[in-house]
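S.K.: I would like to see how this sequence folds:
(chains A and B)
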Amino acid sequence: MKRRSLKNILFIALILIPPLIDTVPASEKTITCASTTSTENSGFFKHILPMFEKETGINVRVIAVGTGAAIEIGKRGDADVVFVHAKELETKALIEGYFVNRYDVMYNDFVIIGPEHDPLGIKNAGSAQEAFRRIAMADYPFVSRADGSGTHLKELSIWKVSGIDPKGKWYLEVGQGMEKTQRIADEKSAYTLTDRGTWLATKDKLKMIIVFEGDPMLFNQYGVMVVNPKRYKNVKYKEAMLFINWLISEKGKKAILDFKDRHGNQLFIPNANVMQEK
Amino acid sequence: MYSIGEGFRKAFQLIFSLDAELLGIVFLSLKVSGLALFVSSVTGISFGAFIGLKQHPENAKVLRALRWLIISLMNTFMGLPPVVLGLFLYLILSRSGPLGFMGLLYSPTAMVIAQGILAFPIIGALSHSAIVSVDPIIRQASMSLGATSSQVTATIIKEVRYGIMSGVIAGFGRVMAEVGAILIVGGNIAGYTRVMTTTIALETDKGNFELALALGIILLILSFAVNMTLYLIQKKGHKIN
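M.R.: The predicted structure is shown next:
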């Protein structure tokens, strides 16, 4: 009996010991980047980060959340860099002293997607405002991310210029990331606003189509900035700046330009202008 | 268009091709959950034994009330919603929080802490109830045979090891299935804090059902293997007794 229980203990130890080893790797040359779901989930970071790492030896860990949440993470000092797309919000946080050194990095655009048969004929709308107004007037289901993301902020600004206060049973605030919001819109045959990158990455899994695009209002600028090292001493400022400088360098621009999704679509267009630091 | 049958076929393909990313995620899951389970087992069993075995000849009434309070708290925390724990841990571990200087947020360590806290009350409460169910004769007998108090404790724990093991297995189920808390404190960082459950949640959102299904199947197989082991050990235990 004694030998048997010893065996049992040994057995349990064998299950439990391996996890003890190597759970926390060394992290000197690592920075944390809070970013938006669109950059991570489209495969963008998977494409550019290995190049940057190879060149500098700096490993970038990406926390993919909505833009609003990413900026909050930066404000709390839980990341070194934020890479987001809501210029107004970014500039505000910059002025408040939470961040320094903001640069434009790249852009693409937002599109309105909806059910295949486009029941409201949004295709013929003259502007994004008009498209939104038609949806609201018809009380037709519209799915809003409602999560403080860059896409959500853009959506709110379109409602605002349309003079509509989106409320009612037709306006579904889901509080989810872009992919999930698209899936909900798909299941409910609703309309929604999405960034083109995510759309291109997910469209073959959805029954939806682009019903409206091309309005200058739907321009989608991505920017990068570093957490103010004066606020949080632990911020890896030097490494973070290497990352930013690489992103806006010719090499970084080329890497962004070269990034295609698996169908060969161009997802982002670099537009960094080193002179226009804000 | 997506079909479930096709999804399963691709999922099995992924599993059998031993996809490197998939394996990394599975190993990280086992690492984080295993470590959390180890820590909560050691602390939970000791705690359960301490509460269950401590004799209080004087002040018995007060101490009995205290014990009742502790057990009730443990039972309450057995049902602690992971997202609530995630929120508290987030605020505590954040750079702007009281333990921010340790830089633990968005690391596997933070996930181990979260899962350990979730499993502790389950293992502690189940160990306690197993230990108090021991026939007092065993205690008296070993004491009359001249055992020291730690020897008595060891004898009793050995006596109820299968009951305690059930607690550990229940704790294992809790940590392996967990997604809410580790998503908040781990950040779901690819290759660093992305584990099976958080990957399933993410890939389902992205519509990559094959990878989500593959991980789901692996998760089920692992749970089955652990339960099978428990069953075999318990069967052996009955034979001995």
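S.K.: any buried residues in stretch A:82-101, and which?
M.R.: For stretch A:82-101, the buried set under the neighbour-count rule, 16 or more other CB atoms under 10 Å in any protein chain shown, comprises A:82-87, A:89-90, A:93-94, A:98-101. (C-beta placed from N, C-alpha, C; glycine too.)
S.K.: and the pLDDT for residue B:61?
M.R.: Residue B:61 carries a pLDDT value of 81.
S.K.: near it, how many other residues are there?
M.R.: Using other CB atoms under 10 Å in any protein chain shown, residue B:61 is surrounded by 9 other residues.
S.K.: tell me the secondary structure at it.
M.R.: helix (DSSP: H, G, I helix; E, B strand; the rest coil).
S.K.: any low-confidence regions in the stretch 151-278 of chain A?
M.R.: Along the stretch 151-278 of chain A, the parts satisfying pLDDT under 70 run over A:274-278.
S.K.: near chain B, which residues of it?
M.R.: Proximity of the stretch 151-278 of chain A to chain B, by CB under 8 Å from any CB of the partner chain, involves residues A:176-177, A:179-180, A:183, A:201-202, A:205-206, A:232, A:234.
S.K.: spatially, which two of those residues are the most separated?
M.R.: Spatially, the most separated pair among those is A:206 and A:234, at 41.4 Å (CB to CB).
S.K.: re earlier: and which of the buried residues of stretch A:82-101 is nearest residue B:203?
M.R.: For the buried residues of stretch A:82-101, the residue nearest residue B:203 by CB to CB is residue A:83; the value is 22.2 Å.
S.K.: now that closest one. Nearest residue, chain neighbours left out?
M.R.: The shortest distance from residue A:83 to any non-neighbouring residue, by CB to CB, 6 or more residues apart in numbering or on different chains, is to residue A:35 (4.3 Å).
S.K.: quick one: list the elements packing against the host helix or strand of the one you found.
M.R.: Element membership for residue A:35 (DSSP states H and E) is strand A:30-36. Counting contacts by 3 or more CB pairs under 8 Å, 6 or more residues apart in numbering or on different chains; DSSP states H and E, strand A:30-36 packs against strand A:59-65, helix A:67-75, strand A:81-84, helix A:237-247.
S.K.: so what strands line up beside the shortest one?
M.R.: When you say that, I think you mean strand A:81-84. As defined by DSSP bridges, the strand partners of strand A:81-84 come to strand A:30-36 (parallel), strand A:219-227 (antiparallel).
S.K.: please save the CA atoms from the shortest one in CSV.
M.R.: These are the backbone C-alpha positions of strand A:30-36, laid out as CSV (Å, rounded to 0.1, in the frame of the first residue of the first chain):
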residue,chain,number,x,y,z
THR,A,30,10.1,43.5,-25.5
ILE,A,31,7.6,46.3,-25.9
THR,A,32,3.8,46.1,-25.5
CYS,A,33,1.7,47.7,-28.2
ALA,A,34,-2.0,48.3,-27.5
SER,A,35,-3.7,48.3,-30.9
THR,A,36,-7.0,47.9,-32.7
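S.K.: just after that strand, pick out the following helix or strand.
M.R.: Per DSSP H and E, the first helix or strand lying C-terminal to strand A:30-36 is helix A:37-41.
S.K.: for stretch A:77-97, what is the average pLDDT?
M.R.: Stretch A:77-97 carries an average pLDDT of 95.
S.K.: first vs last residue of that stretch, how far apart are they?
M.R.: End-to-end span of stretch A:77-97 (CA to CA, to the nearest Å): 12 Å.
S.K.: still on that earlier bit, dump the buried residues of stretch A:82-101 to TSV, plus secondary structure.
M.R.: Formatted as TSV, these follow (three-state DSSP):
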residue	secondary structure
A:82	strand
A:83	strand
A:84	strand
A:85	coil
A:86	coil
A:87	helix
A:89	helix
A:90	helix
A:93	helix
A:94	helix
A:98	coil
A:99	strand
A:100	strand
A:101	strand
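S.K.: report how many residues lie close to the residue in the stretch 101-250 of chain A that chain B sits nearest to.
M.R.: In the stretch 101-250 of chain A, no residue comes nearer to chain B than residue A:205, which is 3.6 Å away by CB to the nearest CB. Neighbourhood size, residue A:205 [other CB under 10 Å]: 17.
S.K.: can you check residue B:143 too?
M.R.: 14.
S.K.: sec struct for it, please.
M.R.: At residue B:143 the chain is in helix, as set by three-state DSSP.
S.K.: wait, it sits on residue B:152?
M.R.: Yes. Look at residue B:143 against residue B:152 with CB atoms under 8 Å: they come within range, at 6.0 Å.
S.K.: one step back: what subset of the residues of the stretch 151-278 of chain A next to chain B is buried?
M.R.: Using 16+ other CB under 10 Å as the burial test, these include A:176-177, A:179-180, A:183, A:201-202, A:205-206, A:232 as buried.
S.K.: turn those into CSV, including secondary structure.
M.R.: Below are those laid out as CSV (three-state DSSP):
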residue, secondary structure
A:176, coil
A:177, coil
A:179, helix
A:180, helix
A:183, helix
A:201, helix
A:202, helix
A:205, helix
A:206, coil
A:232, coil
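S.K.: out of the buried residues of stretch A:82-101, which is nearest to chain B?
M.R.: residue A:98 (11.2 Å).
S.K.: how many neighbours does the nearest residue to that closest one once chain neighbours are set aside have?
M.R.: Spatial nearest neighbour of residue A:98, chain neighbours left out: residue A:75 (4.7 Å); criterion: CB to CB, 6+ apart. Applying other CB under 10 Å, we find 22 residues neighbouring residue A:75.
S.K.: hang on, residue A:75 packs against residue A:93?
M.R.: Yes. Between residue A:75 and residue A:93 a contact is recorded at 6.6 Å, counting by CB under 8 Å.
S.K.: for the residue lying closest to the residue of the stretch 101-250 of chain A closest to chain B once chain neighbours are set aside, give me its contacts.
M.R.: Closest residue to residue A:205 apart from its sequence neighbours, by CB to CB, 6+ apart: residue B:207 at 3.6 Å. Residues near residue B:207 by CB atoms under 8 Å, 6 or more residues apart in numbering or on different chains: A:179, A:183, A:202, A:205-206, B:2.
S.K.: want to try CSV for these, with distance to residue B:90 as columns?
M.R.: CSV is the format used below for those (distance: CB to CB, whole Å):
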residue, distance to residue B:90
A:179, 23
A:183, 26
A:202, 29
A:205, 31
A:206, 32
B:2, 34
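S.K.: out of those, which is nearest to residue B:87?
M.R.: The closest of the contacts of residue B:207, once distances to residue B:87 are taken by CB to CB, is residue A:179, at 23.6 Å.
S.K.: hang on, residue B:76 in a helix?
M.R.: Yes. Counting by three-state DSSP, residue B:76 is located in a helix.
S.K.: which stretches of the stretch 151-278 of chain A form helices?
M.R.: For the stretch 151-278 of chain A, applying DSSP state H, counting those that start in this stretch gives helices covering A:178-187, A:196-202, A:237-247, A:250-258.
S.K.: looking at those helices, which is nearest to residue A:216?
M.R.: Distance to residue A:216, taken as CB to CB, is lowest for helix A:196-202 among the helices of the stretch 151-278 of chain A, at 14.4 Å.
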